[in-house]
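Engineer: just coords:
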């Protein structure tokens, strides 16, 4: 172990990120899910900040700030607002039971670590080994999107996936160029906005945010 | 060499004698936290003395196994408590202190307990044994995973080596150990029949696990089992301390360190007991069918810890 | 300079229509903005033809023969679709399916969608390309659910979630690409510029690029509608308003494929193997065959043509996967033909379904009698898309299949079988729609079918003879793609 202490803390935060992903998979309530999402954003922002500080990559400060504002404060607040307005904080009802989901999750983590290993060896960043965790976070969020049938958890899965991608960019190459990162942040913001309009439309039409009403379009 | 054997004996005896004290301390803390007037810290000793002075009553249907089991269980626990490094690290029995062997010793004690519980043929005994097996079936692999994580870091499954590696290297943050520590805590709670998996203080048929198995025991047999329970709690605490807070355990030939080690150990145990009591007070017992989920989480954490070790710390 | 006009006009249009889109003349304003975009595109095209590839704005934009051809096509189809949507959406509003607010949303999103696609086509930055693709998706999500029917909401949700996942994978691919590039070009904005990457593609780390391409192909491929990630496409096409189906099918799929091709050029350079091409051929062939067989089972006319789009995109992907000058040429030609023909078909289908009040093919009969223009438009469009000579689709399909026979004979039977099945199913279903018996009265209004015949005329012309400068242009583009 020749890493400096703040990089060890970055590793710890990365591990925390993975843990939160699993917690999100096992979470049954929407409110809990939103809180976990906020925590995930916080871990992400903190690790980005530490990396920025320890490597002197100034544009990462902006990235950290964007994450903090958008994903820790604005979006969770907005989601809570929607949940309250639509009154939907009930159980999330995953399609597969939770222990099975967890087992699939572990398999995904092993897959992600294996996939990332040859790539992270090529990288020159100090936190390259966390690429596997980033990829695992993406895949776990993906799993969450597949196994949930309510609208809000699916969207949170989508955003968690974005968190994982962001972390991947930081860990392989200290983040994308700032313009691209700003563009991505803008897109995510618009996506959340569009989706919230969508929630209301779905709610109005089906009187529920349960997507099981939305399985009519199938191949006959 | 002779000093080593003496020290080993002293450590084992100390563990056996002090174990009920730890139990008393936990009970006392819990009483304080719950706002009850606390029993004296020596209450477990009094109970043991009382039980040893009674005449044993044994069911007609009991086989010799039923009488033999308490001795076996006590012996297993005493051995385990003796070989886990509590005060000094490098003792004559140290090579026996292999983590996998340790899991085996616990399993042996558990098998005898379960067999004895079923021996009489009462429904409660069988029920308790089945529940115990359910819990341990899930807890044991998780415990092994925790041990593997620790041994991956030190490249050995021998406890003294693990302790030595962790205690004497430059301080580093191991995310994997943090995960393993949480998992270990959850497993200890389950294995020692504490809240939220089991409640040692009640005899409700819907929920009890451990207590259901020892309902038929009385007098000296019961005393031995109670003592073994205290020893188990002590052993798990010592294990946790050895794995995750190893500082202060005397190393090879550091006899001068012993008083300090004693103080450190006492401090850590007092703290650990208080934390255990606190967590038991703030959490509610889960339904029996939720216990697999609780232990599944522990297993998940342990596995994640191991995977993270491979990713981040190699 | 042209480039700023090209991107500025649709974005201004989007903002303008967002503010004033509920006025009575919004459809005309929409068409006007599209016309202006087309003019800018034409201007740009002329300049590229005269001066060759161009890098504008500090390397932020890059236009060569490959993308300028798509820019021209996009601007043209966007304009004709705007023309078509003018009377079409008005009638929808009269039928009470839309209100002024939704029309405003429609017009504004339409312009933003076009702007985003043009940005995706012209940008030199692979990251911005991703951002623009995502923006194009977001702009259309609300368009698909414009009618607010349960089915349209479901389709839009599926569209968003599937494409969101796909595009997230593409972002991961982009991150990997940046990672590989950053080691050669150094950190900062230039490492994602396609021109820079193209210059050093031989030095990029092959392992990373290989993985990056898999993610990019799967990610953008979701938007192309490649099987097995196609399931959003028929729903979105069938449930959205017809002009949206036309631009989705005719334009968005092309732009997504464009993104894949840009990545393929880099990966081919770095790897020096056929890995990227083989992957694309595999996905392409699977899509062609799967879609052809699914077409048979459709009852909804828009769904059926959506599957036909999957089939044709699969064919184009397959052709690009084969690589080589002829295959690339054929793929580019087929891209053009498909865009023009498919949007023409959707225009005709739009009027037909609007009149019949249903999208079920069994309930649409005798178009030739109720309105000969619609009937002939649909019939000719169908014949064209099925690859009957002398239409241009025949020429490009013929080229693709002969190349496949030559280079990859094993694939030919699958292609021929799929095309045959698609031909039989589509023709068998459209024929009674056009020539069947009906009791419906004649159409009270004259449909706006100028765009249909404009498109079909072009397709016919290109089938009979390709002007020398156009052929030259395709050839150049094919060369750029590694011909």
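Structural biologist: In hand now; what should we look at? Just so it is clear, the structure is predicted and the values come from calculations on it, not from any experiment.

Engineer: flag the shaky bits of the stretch 201-350 of chain C, pLDDT-wise.
Structural biologist: Flagging of the stretch 201-350 of chain C using pLDDT under 70 yields an empty set of residue ranges.

Engineer: give me the residue from it nearest chain A.
Structural biologist: Closest residue of the stretch 201-350 of chain C to chain A, Cβ to the nearest Cβ: residue C:235 (4.7 Å). The C-beta positions use only the backbone N, C-alpha and C, and glycine is treated the same way.

Engineer: for the helix or strand hosting that residue, give me every contacting residue.
Structural biologist: Here residue C:235 is covered by helix C:232-239, with elements defined by DSSP states H and E. When contacts are taken as Cβ atoms under 8 Å, 6 or more residues apart in numbering or on different chains, the neighbours of helix C:232-239 outside the stretch itself are A:217, C:140, C:144-145, C:147, C:149, C:151-152, C:154-156, C:158-159, C:162-163, C:222, C:225, C:245, C:248-249, C:300, C:302-303, C:305-307, C:309-310, C:359.

Engineer: of those, select the buried ones using a ChimeraX command.
Structural biologist: Only the buried entries of these go into this ChimeraX selection, using 16 or more other Cβ atoms under 10 Å in any protein chain shown:
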select /A:217 /C:140,144,145,147,151,152,154,155,156,158,159,162,163,222,225,245,248,249,300,302,303,305,306,307,309,310,359
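
Engineer: state the mean pLDDT of stretch B:22-29.
Structural biologist: In this model, stretch B:22-29 has an average pLDDT of 86.

Engineer: just stretch B:78-96 next, same as before
Structural biologist: Averaged across stretch B:78-96, the pLDDT comes to 77.

Engineer: can you list the buried residues in it?
Structural biologist: The neighbour-count criterion (16+ other Cβ under 10 Å) identifies B:78-91, B:93-94 as the buried residues of stretch B:78-96.

Engineer: likewise for stretch C:263-273?
Structural biologist: Using 16+ other Cβ under 10 Å as the burial criterion, the residues of stretch C:263-273 that qualify are C:263-271.

Engineer: again, but for stretch C:207-220
Structural biologist: C:207-220.

Engineer: among the residues you listed, which lie within helices?
Structural biologist: Helix and strand membership here follows DSSP state H; of these, those in helices are C:207-220.

Engineer: can you pull out the strands in chain A?
Structural biologist: Along chain A, counting by DSSP state E, no stretch forms strands.

Engineer: how about the lowest-mean-pLDDT helix or strand in it: buried residues?
Structural biologist: Using mean pLDDT, DSSP states H and E, the weakest-scoring helix or strand in chain A turns out to be helix A:178-206, at a mean of 82. Of the residues in helix A:178-206, those with enough neighbours to count as buried (16+ other Cβ under 10 Å) are A:178-181, A:183-185, A:187-188, A:191-192, A:194-196, A:198-199, A:201-203, A:205-206.

Engineer: over to stretch C:380-392?
Structural biologist: Residues of stretch C:380-392 classed as buried: C:380-387, C:391-392 (neighbour count, 16+ other Cβ under 10 Å).

Engineer: can you name the residues in contact with that stretch?
Structural biologist: Residues outside stretch C:380-392 that contact it (Cβ under 8 Å, 6+ apart): C:308, C:312, C:333, C:336-338, C:340-342, C:344-345, C:348, C:393-395, C:397-398, C:419, C:422-423, C:426-427, C:430, C:452, C:456, C:458-464.

Engineer: now stretch B:208-220: buried residues?
Structural biologist: Neighbour-count burial for stretch B:208-220 flags B:208-217, B:219-220 (criterion: 16+ other Cβ under 10 Å).

Engineer: for the helix or strand residue C:129 falls within, packing partners?
Structural biologist: Here residue C:129 is covered by helix C:126-144, with elements defined by DSSP H and E. For helix C:126-144, the helices and strands in contact under the criterion 3 or more Cβ pairs under 8 Å, 6 or more residues apart in numbering or on different chains; DSSP states H and E are helix A:178-206, helix C:100-122, helix C:150-185, helix C:206-224, helix C:232-239, helix C:242-247, helix C:253-271.

Engineer: now with 10 Å?
Structural biologist: Helices and strands touching helix C:126-144, as assessed by 3 or more Cβ pairs under 10 Å, 6 or more residues apart in numbering or on different chains; DSSP states H and E, comprise helix A:178-206, helix C:100-122, helix C:150-185, helix C:194-199, helix C:206-224, helix C:232-239, helix C:242-247, helix C:253-271.

Engineer: tell me how far the residue nearest the centre of chain A lies from chain B.
Structural biologist: Nearest to the geometric centre of chain A sits residue A:160, at 1.4 Å (Cα atoms, centre = their mean). In this structure, residue A:160 and chain B are separated by 17 Å, where distance is defined by Cβ to the nearest Cβ, to the nearest Å.

Engineer: if I read this right, residue C:449 contacts residue C:346, doesn't it?
Structural biologist: No. Under the criterion of Cβ atoms under 10 Å, residue C:449 lies out of contact with residue C:346, with a separation of 12.0 Å.

Engineer: so, low pLDDT: which residues of the chain?
Structural biologist: Let's take chain A. Low-confidence segments of chain A (pLDDT under 70): A:1-3, A:89-94, A:125-127, A:212, A:215-220.

Engineer: try again with chain B
Structural biologist: Counting by pLDDT under 70, chain B contains low-confidence ranges at B:1, B:170-171, B:248, B:250-255, B:313-314.

Engineer: those helices in chain A, which residues are they?
Structural biologist: Residue ranges of the helices in chain A, as given by DSSP H, are A:5-26, A:30-55, A:59-67, A:75-86, A:98-122, A:131-147, A:151-173, A:178-206.

Engineer: nearest to residue B:145, of those helices?
Structural biologist: Of all the helices of chain A, it is helix A:98-122 that lies closest to residue B:145, at 11.3 Å by Cβ to Cβ.

Engineer: quick one, the closest one and helix A:131-147 angle?
Structural biologist: 150 degrees (axes from the mean of the first three to the mean of the last three Cα atoms, to 10 degrees).

Engineer: packing partners for helix A:98-122?
Structural biologist: Using 3+ Cβ pairs under 10 Å, 6+ apart as the contact criterion, the elements in contact with helix A:98-122 are helix A:5-26, helix A:131-147, helix A:151-173, helix B:291-312, helix C:150-185, helix C:206-224.

Engineer: how far off centre is it?
Structural biologist: Here helix A:98-122 is found 16 Å from its chain centre; the criterion is Cα atoms, centre = their mean, to the nearest Å.

Engineer: now that helix: buried residues?
Structural biologist: A:98, A:101-102, A:104-106, A:108-109, A:112-113, A:115-116, A:119-120.

Engineer: and the closest residue in space to residue A:166 that isn't next to it in sequence, how far is that from chain C?
Structural biologist: For residue A:166, the nearest residue in space outside its immediate sequence neighbours is residue A:44; the separation is 6.5 Å by Cβ to Cβ, 6 or more residues apart in numbering or on different chains. With distances defined as Cβ to the nearest Cβ, the gap from residue A:44 to chain C amounts to 15 Å.
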